[in-house]
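Chemist: here is the input, now give the coordinates:
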Amino acid sequence: MPPATNSTEQKFTGHIGSLSPLHQETLDKFRQDIKEEGIFDERRHDDACLLRFLRARKFDLVKTKKMFTDCEKWRKDFGVDELVATFDYKERDEVMKYYPRYYHKTDNDGRPIYIEEIGKVDVKALYQITTIDRQIQNLVVEYEKLADIRLPSCSEKYGKLIETSCTILDLKGVSIRSFSNVFGFVKQASNIGQNYYPERMGKFYIINAPMLFSSVWSLVKPLLDEVTAAKIVILNSKYQPTLLENIPIENLPVAFGGKCDCEGGCQLSDAGPWKESGAINGFVTNGSTNADKN
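Modeler: Next comes the predicted model:
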């Protein structure tokens, strides 16, 4: 079946509620094929999930099935379900001191905000308390939380389907040396997100970007898919007005020009609809719920 990307398809986004007849036909065939191949999971593989893989491969059924099959094999080999049930991130609070990255509240569109302060990375201190493998495991668990807890909680609160997150990547203090120290982890993390958790990026703000970075971006941007490129915004140190146009001031941490100052620090609060509803407390880890641990 050919990719559903001809000119008559442009008004359709490939999301639920915006499918052309050819999109729907491709989705139905995709679902049927993976059921026949015995890799369909009723709990995880709803239409929204299948459409994310289809959009990632421009509704090319052959390429989509390859991506999907590779993902399912990776999940089995990596032991994702077992990891989610047993992972105990005891070093979390200490890790936050040396590599802050966390979810915190929502943007104007109801998307969970993910903040990563890569300029604060202290690799030497970080790997005295954890390992790259542990960080990758935590990354996978967080992706599963995003799918199972954070996004559904946001969808319920705002009364619409929310499938993506809003990322703020802070480059303040980043140098070539400091970035090279975490490049291995960043590369692995990027590959996992792109190949196994596709179409989760709603908006991506890169703040405190040095002039050189902006210059490189101007060369790279034309090489990217238009839809992807449109989601990425490069900002210098005067980023606050743009963030505040897209994020409620009460949801943005004080450190980034907002008014949120969570007790104990925004990076440790896990504030958002998922916490307001109590849903995050039921996420199973280490053989028990988080609520059981607290």
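Chemist: and the residue nearest to Ala147 when sequence neighbours are not counted, what is it in contact with?
Modeler: Computed as C-beta to C-beta, 6 or more residues apart in numbering, the closest residue to Ala147 that is not its neighbour in sequence is Tyr197, at 7.5 Å. All C-beta spots, glycine's among them, are computed from the backbone N, C-alpha and C. Residues touching Tyr197, when contacts are defined by C-beta atoms under 8 Å, 6 or more residues apart in numbering, comprise Tyr143, Leu146, Ala147.
Chemist: and Tyr197, what's its pLDDT?
Modeler: What the model reports for Tyr197 is a pLDDT of 98.
Chemist: before we move on, back to that, now the contacts of Tyr197 as a markdown table including neighbour count?
Modeler: Below are those laid out as a markdown table (neighbours: other C-beta atoms under 10 Å):
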| residue | neighbour count |
| --- | --- |
| Tyr143 | 18 |
| Leu146 | 21 |
| Ala147 | 17 |
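Chemist: what is the burial count for the residue nearest to Thr164 when sequence neighbours are not counted?
Modeler: The shortest distance from Thr164 to any residue that is not its chain neighbour, by C-beta to C-beta, 6+ apart, is 3.1 Å, and that residue is Gly202. Each residue near Gly202 was counted by other C-beta atoms under 10 Å, and the total is 17.
Chemist: again with Thr242
Modeler: A count of neighbours around Thr242, defined by other C-beta under 10 Å, yields 14.
Chemist: any idea whether it is helix, strand or coil?
Modeler: Secondary structure assignment for Thr242 (DSSP: H, G, I helix; E, B strand; the rest coil): helix.
Chemist: that one reaches Ile206, doesn't it?
Modeler: No. Taking C-beta atoms under 8 Å as the definition, Thr242 is not a contact partner of Ile206, at 11.1 Å.
Chemist: sorry, back to before: pull up the pairing partners for the helix or strand where the residue nearest to Thr164 lies, direction included.
Modeler: Secondary structure assigned from DSSP states H and E places Gly202 in strand 201-207. The strands beside strand 201-207 in its sheet (DSSP bridges) come out as strand 165-170 (parallel), strand 232-234 (parallel).
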